[in-house]
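Visitor: sequence and predicted structure, then a few things I'm wondering about:
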Protein chains: 2
Amino acid sequence: MGRTSDAKNKILSAAQSLMEQRGYSALGVAEICKTAGVPKGSFYYFFESKESLALAVIDEHWAAELREWESILHSDAAPLQRLRRLFEATQARQQAGQEDCGSVLGCMFGNLSLEMSTQVDAVRRRLQDIFEAQVKMVGAVITEAQRRGEVTVADTLDVARSMVAQLEGQVLFAKLHNSPSQLRTLWPSCLALLGVQDGQVPVPA
Amino acid sequence: MGRTSDAKNKILSAAQSLMEQRGYSALGVAEICKTAGVPKGSFYYFFESKESLALAVIDEHWAAELREWESILHSDAAPLQRLRRLFEATQARQQAGQEDCGSVLGCMFGNLSLEMSTQVDAVRRRLQDIFEAQVKMVGAVITEAQRRGEVTVADTLDVARSMVAQLEGQVLFAKLHNSPSQLRTLWPSCLALLGVQDGQVPVPA
């Protein structure tokens, strides 16, 4: 039992790393098993198909990212400070990824949205749910800032969606240029989307 | 000679359509030739590899898109009106694509940036050039608006880059949800990035 769940983790970890580097379509089950160091029979013991593995990788990746988002967005800091930390954490993560493997790997959810959302319905729905959860989390913090009179926006969810879109677009450029510094304008752009001038952000007490 | 260049066009057109629907990695040369209705020998007469075909598809696609961008951005309309038309044309193109084939196919350059820019250097460089050209074109119009006192931004290229990133991020959502209406907030978001309130946009004379 110990050995089998270890094999499952090895498959998940190899698949996550390969999918981040090369996407989904370019991978075969044989290569995933070889990288994981497990026999192909183990793969089909744990996963029905490459598709169901992709869903499991997405779920694991989101569970980890969600923990980070919650720890930042549910902290005691002022709403705009929490948002700032969230967007700056993205830059730090891409920077760390580049230092680890030499390449900015981008956002797995964005990568898979563009590569396979038109092809695998179950993946499309899962990615829709993840981005909707992100938009709602950001929207809730904007609502708090709005209540404190720190921002004035017409529709908090629309602005939250634009901020998450801004993140995805800028991460795309960071990946394309293999340069995390492309993300240096991410937070200023988010402030502009919130209708706030940089100098107006309240300093935490 | 007529027949051979016809075969080349058929390959380019089939490859463009297949790449828009399913990306690059999922395609094989055999499938492209079958869709194009040309023998595999023709393929290697015109293209050294699938990679060189991808570059040719990207170049053709950008040549067509560039004509549209130039016709909008070099018109006599006021700068912000031209930018508005450019971003609204994106929504119209995604809408038309969906009506044609049932799916929002997104932006080919964004799709390929996330799918293959880390894998094929020549493609990465071509996509970098295309996005830089887009940023410069948008930046030049922002500079015009700035000279007319219609916007005040610290760095026109940074804002132009954020606007193109916003387009890519929102097109990602439109593709993920198969819904061109996701792009309804694209222009308002661009105005926010420009620091302009919607009601402040000058009406064309």
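Guide: That came in fine, so what should we check first? Numbers count the residues shown, from 1 in each chain, chains lettered A, B, ... in the order given.
Visitor: switch to C-alpha atoms for all contacts and neighbour counts from now on
Guide: Noted.
Visitor: off-centre distance for the helix or strand of chain A with the lowest mean pLDDT?
Guide: The helix or strand of chain A with the poorest confidence is helix A:2-22; it has a mean of 87 (mean pLDDT, DSSP states H and E). Centroid separation between helix A:2-22 and its chain, computed with CA atoms, centre = their mean, to the nearest Å, is 18 Å.
Visitor: roughly how far does A:Leu194 sit from A:Thr152?
Guide: Distance of A:Leu194 to A:Thr152, computed by CA to CA, to the nearest Å: 8 Å.
Visitor: nope, A:Leu186 is what I meant
Guide: For A:Leu186 relative to A:Thr152 (CA to CA), the value is 20 Å.
Visitor: A:Leu194 and A:Thr152: which has the busier surroundings?
Guide: A count of neighbours by other CA atoms under 10 Å in any protein chain shown puts A:Leu194 above the other of A:Leu194 and A:Thr152, at 26 against 16.
Visitor: contacts only, for that one.
Guide: Each residue near A:Leu194 by CA atoms under 8 Å, 6 or more residues apart in numbering or on different chains is listed here: A:151-153, A:159, B:192.
Visitor: ditto for A:Val151
Guide: Here A:Val151 is in contact with A:142, A:145, A:194-196 (criterion: CA under 8 Å, 6+ apart).
Visitor: for chain B, state which of these is nearest.
Guide: For those, the residue nearest chain B by CA to the nearest CA is A:Gly195; the value is 6.5 Å.
Visitor: that closest one is in what secondary structure piece?
Guide: For A:Gly195, there is no enclosing helix or strand under DSSP states H and E.
Visitor: state the pLDDT value of it.
Guide: pLDDT, A:Gly195: 95.
Visitor: how many residues are close by it?
Guide: Using other CA under 10 Å: A:Gly195 sits among 19 other residues.
Visitor: that one contacts A:Thr156, doesn't it?
Guide: No: A:Gly195 is beyond contact range of A:Thr156, at 11.8 Å (criterion: CA atoms under 8 Å).
Visitor: re the thing from before, mind checking which of the contacts of A:Leu194 land in helices?
Guide: A:159, B:192 (DSSP state H).
Visitor: and of the contacts of A:Leu194, the nearest to A:Gln98?
Guide: Closest approach between those and A:Gln98, by CA to CA: A:Val159, at 29.5 Å.
Visitor: close to chain B, is the lengthiest helix in chain A?
Guide: Scanning chain A for the longest helix, with DSSP H as the assignment, gives helix A:121-147. Yes: Helix A:121-147 is in contact with chain B by CA under 8 Å from any CA of the partner chain, via A:124, A:127-128.
Visitor: how does chain A divide into domains?
Guide: A:1-47, A:54-198 (automatic domain parsing).
Visitor: ranking these by burial, who's on top?
Guide: Highest mean neighbour count among the domains of chain A (mean count of other CA atoms under 10 Å in any protein chain shown): domain A:54-198, with a mean of 19.
Visitor: any idea how far it is from the middle of the chain?
Guide: That offset, for domain A:54-198, works out to 6 Å (CA atoms, centre = their mean).
Visitor: do the same with stretch A:18-25
Guide: 15 Å.
Visitor: and the residue nearest the centre of chain A?
Guide: Nearest to the geometric centre of chain A sits A:Cys107, at 4.9 Å (CA atoms, centre = their mean).
Visitor: measure it to B:Met163 for me?
Guide: From A:Cys107 to B:Met163 the distance is 19 Å (CA to CA).
Visitor: ok, A:Ala89 next?
Guide: Counting by CA to CA, the gap from A:Ala89 to B:Met163 is 22 Å.
Visitor: for A:Ala63, same thing?
Guide: For A:Ala63, the distance to B:Met163 - CA to CA - is 31 Å.
Visitor: then A:Ala165?
Guide: As defined by CA to CA, A:Ala165 lies at a distance of 11 Å from B:Met163.
Visitor: A:Asp6 too?
Guide: From A:Asp6 to B:Met163 the distance is 45 Å (CA to CA).
Visitor: around A:Ser52, how many other residues sit close by?
Guide: For A:Ser52, the neighbour count with other CA under 10 Å is 14.
Visitor: give me every residue that touches it.
Guide: So A:Ser52 contacts nothing (CA under 8 Å, 6+ apart).
Visitor: likewise for the one 3 residues further on?
Guide: Shown here is A:Leu55, whose contacts under the criterion CA under 8 Å, 6+ apart are A:122-123, A:126.
Visitor: at 6 Å instead, please
Guide: Residues near A:Leu55 by CA atoms under 6 Å, 6 or more residues apart in numbering or on different chains: none.
Visitor: where's it, which helix or strand?
Guide: A:Leu55 is part of helix A:50-73 when elements are defined by DSSP H and E.
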